[in-house]
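In: Need a 3D model of the sequence below.
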Amino acid sequence: MNSEQVVRVTAQSFAQYREDLIALLLDAVQHGASVGFMNDLDQPQASRYFNEVHAQLEQGNLLLWVLVEDQRVLASVQLILCQKANGLNRAEVQKLLVLNEVRRRGLGQVLIHALEQGAREQKRGLLHLDTEAGSPAENFYSALGYTRVGELPNYCQSPNGHYSPTAIYFKTLSEPQ
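Out: This is a model prediction of the structure:
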């Protein structure tokens, strides 16, 4: 893990990571990740999605981190900053993706720690997320100090079309100022 580096991607640096991010998303969905896409996700769809990500980076609504090894993106995570006047203390963790071939190396944990530090820097003291109920991600987030508050039935479809409940988690990093 010595040559791995966490990088916060900006709107200006996005282009250099774009193709690897597309490949990462395609890999995640191919291996069953429930991240908002179906099995028929293809390169053009993934490319359109990352056009939206780039636009959100430019607007300052989204923060994005990648974990890079030998100039290759192995993992990524996003933080959506709430823009509502009454919610400037919160943000949503989204799309923690790790290439299937490098899973179980602790890369997700490294990215979540970077994301939490970035949230603190943005004065976002309350993080929330949802993940497929019963998935290994539940143990992952619990181990990182996230608290499960419940679940919503039939909330999301896995890439193969099966509906499942989603579990809602939060973590308090700091009290509102």
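
In: From now on I want contacts and neighbour counts done on CA atoms only, so please keep to that.
Out: Will do.

In: Would you mind confirming that Ala119 is in contact with Gly125?
Out: Yes: taking C-alpha atoms under 8 Å as the definition, Ala119 is a contact partner of Gly125 at 6.9 Å.

In: more crowded one of these two?
Out: With neighbours defined as other C-alpha atoms under 10 Å, Ala119 and Gly125 compare such that Ala119 has more, 24 against 20.

In: Just read off the phi/psi values of that one.
Out: As for Ala119, its main-chain torsions (degrees, to the nearest 10) stand at phi -60, psi -40.

In: residues touching it, list them.
Out: Leu79, Ala91, Gly125 (C-alpha atoms under 8 Å, 6 or more residues apart in numbering).

In: can you pull out the helices in the chain?
Out: Applying DSSP state H to the chain gives helices spanning 14-30, 43-59, 107-121, 136-143.

In: Which of the ones you listed sits closest to Asp70?
Out: helix 14-30 (12.3 Å; C-alpha to C-alpha).

In: Return the set of buried residues in the closest one.
Out: Using 16 or more other C-alpha atoms under 10 Å as the test for burial, helix 14-30 gives 14, 18-30.

In: just curious, which of those residues is nearest to Pro44?
Out: Distance to Pro44 across those (C-alpha to C-alpha) is lowest for Ile22, with 9.4 Å.

In: What does the pLDDT read for that closest one?
Out: pLDDT, the model's per-residue confidence, is 98 for Ile22.

In: tell me the contacts of it?
Out: Per C-alpha under 8 Å, 6+ apart, neighbours of Ile22: Gln43, Ala46, Ser47, Phe50.

In: Repeat the analysis, applying 10 Å as the threshold.
Out: Counting by C-alpha atoms under 10 Å, 6 or more residues apart in numbering, Ile22 touches Ala28, Asp42, Gln43, Pro44, Gln45, Ala46, Ser47, Arg48, Tyr49, Phe50.

In: Name the member of the residues you listed with the most neighbours.
Out: Ala28 (22 neighbours).

In: Report the residue spans of this structure with pLDDT below the cut-off.
Out: The chain contains residues with pLDDT under 70 at 1-2, 177.

In: Kindly recompute the last result at 80.
Out: For the chain, applying pLDDT under 80 flags the ranges 1-2, 158-160, 176-177.
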